[in-house]
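Asks: quick check, what structure comes out for this input:
(one chain, ligands or ions: 1)
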Amino acid sequence: MNEHTLSLRLERVAAHVPGGARLADIGSDHGYLPVALMRRGAIAAAVAGEVALTPFHAAERTVRENGQALYISVRLASGLAAIEWEDRITAISICGMGGETIRDILDSGKARLSGHERLILQPNGGEQPLRQWLMENGYRILCEELLRENRFDYEIIVAERTGPVIYTAEQLYFGPLQMQGRSPVFLAKWQRLLRHKQKTLNHFARARQTLPEGKVQAIAQQVRWITELLA
Ligand SMILES: C[S@@+](CC[C@H](N)C(=O)[O-])C[C@H]1O[C@@H](n2cnc3c(N)ncnc32)[C@H](O)[C@@H]1O
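Replies: The predicted structure follows:
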């Protein structure tokens, strides 16, 4: 993967960035996403935010080598501290991190959100707490995508602050639009997870005394939801 050829995962993220956007890519690593989008003329400007020094320098190099320093600003900052009001950001991508980390980045950076930005989020696990945060903060989920690459399942969640909206516990767990769409990749993911969770429960049953009952109950609840979903 590089700024010329994105992974399928980042290519699908790119597809949700509105044309002409002013994009903030938080946790940009090499900066491949904003640089690829700028090379295609798909965005007007970008901020590439990075908290760690090595990826920050890598992003600077990608931007410099592509002659985009006038349009893409690379900033060493944690989360949304990378963006300023003057950037007039219209879309924010946060990809390739746990859902809880993405949630924490959004929550601690709330004051920097105008509420008009489109959020394009690609959590690696922890989707449920992320969706919970979106609901609690008035974000409606506009689009959800699930893809499989290199034997990993990746979710993309696109949201805008057009709520209030209420999702059920099951919708927060599976994704409200995924549940509706029931795509083959979605059903295959939950078939795999069901087998995995049933194995875990069997394992727990043998070691019950040493395990917190709450944890066992939570997994049993998930197994019931998944079984109902797949029925
Ligand atoms: C696995 S990489 C994903 C890179 C790219 N977004 C992608 O999806 O391919 C995660 C990146 O997020 C950065 N990161 C983690 N927490 C961050 C934070 N609070 N603020 C900015 N960057 C962060 C890490 O330094 C790392 O470079």
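Asks: CA atoms for contacts and neighbours, from now on please.
Replies: Noted.
Asks: on contacts alone, who are the packing partners of the helix or strand hosting Q198?
Replies: Following DSSP states H and E, one finds Q198 within helix 184-206. In terms of contacts (3 or more Cα pairs under 8 Å, 6 or more residues apart in numbering; DSSP states H and E), helix 184-206 is packed against strand 140-149, helix 213-230.
Asks: turn the ones you listed into JSON lines, including mean pLDDT.
Replies: As requested, those are exported to JSON lines (pLDDT from 0 to 100):
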{"stretch": "strand 140-149", "mean pLDDT": "96"}
{"stretch": "helix 213-230", "mean pLDDT": "91"}
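Asks: closest one to the ligand among these?
Replies: The ligand lies closest to strand 140-149 among the helices and strands packed on helix 184-206, at 12.8 Å (Cα to the nearest ligand atom).
Asks: show the subsequent helix or strand relative to the closest one.
Replies: Immediately after strand 140-149, counting by DSSP H and E, sits strand 152-160.
Asks: near the ligand at all, that following strand?
Replies: No - against the ligand, strand 152-160 shows no contacts by Cα under 6 Å from any ligand atom, the least distance being 10.5 Å.
Asks: check which residues of the next helix or strand after that strand are buried.
Replies: Counting by DSSP H and E, the next helix or strand C-terminal to strand 152-160 is helix 169-174. Of all the residues in helix 169-174, those buried under the rule 16 or more other Cα atoms under 10 Å are Q171, L172, Y173, F174.
Asks: just to revisit the earlier point, which residues sit against the helix holding Q198?
Replies: 146-148, 153, 178, 211, 216, 219-220, 223, 226-227, 230 (Cα atoms under 8 Å, 6 or more residues apart in numbering).
Asks: quick check: which element contains V13?
Replies: Judged by DSSP H and E, V13 forms part of helix 8-14.
Asks: and the helix holding Q198 with strand 140-149, angle?
Replies: Counting by axes from the mean of the first three to the mean of the last three Cα atoms, to 10 degrees, helix 184-206 lies at 80 degrees to strand 140-149.
Asks: how far is helix 184-206 from where the chain is centred?
Replies: 23 Å (Cα atoms, centre = their mean, to the nearest Å).
Asks: need the contacts of helix 184-206 in a markdown table (columns: neighbour count).
Replies: Output for the contacts of helix 184-206, formatted as a markdown table (neighbours: other Cα atoms under 10 Å):
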| residue | neighbour count |
| --- | --- |
| L146 | 17 |
| L147 | 16 |
| R148 | 14 |
| D153 | 15 |
| Q178 | 18 |
| L211 | 11 |
| V216 | 16 |
| I219 | 15 |
| A220 | 16 |
| V223 | 20 |
| I226 | 20 |
| T227 | 13 |
| L230 | 12 |
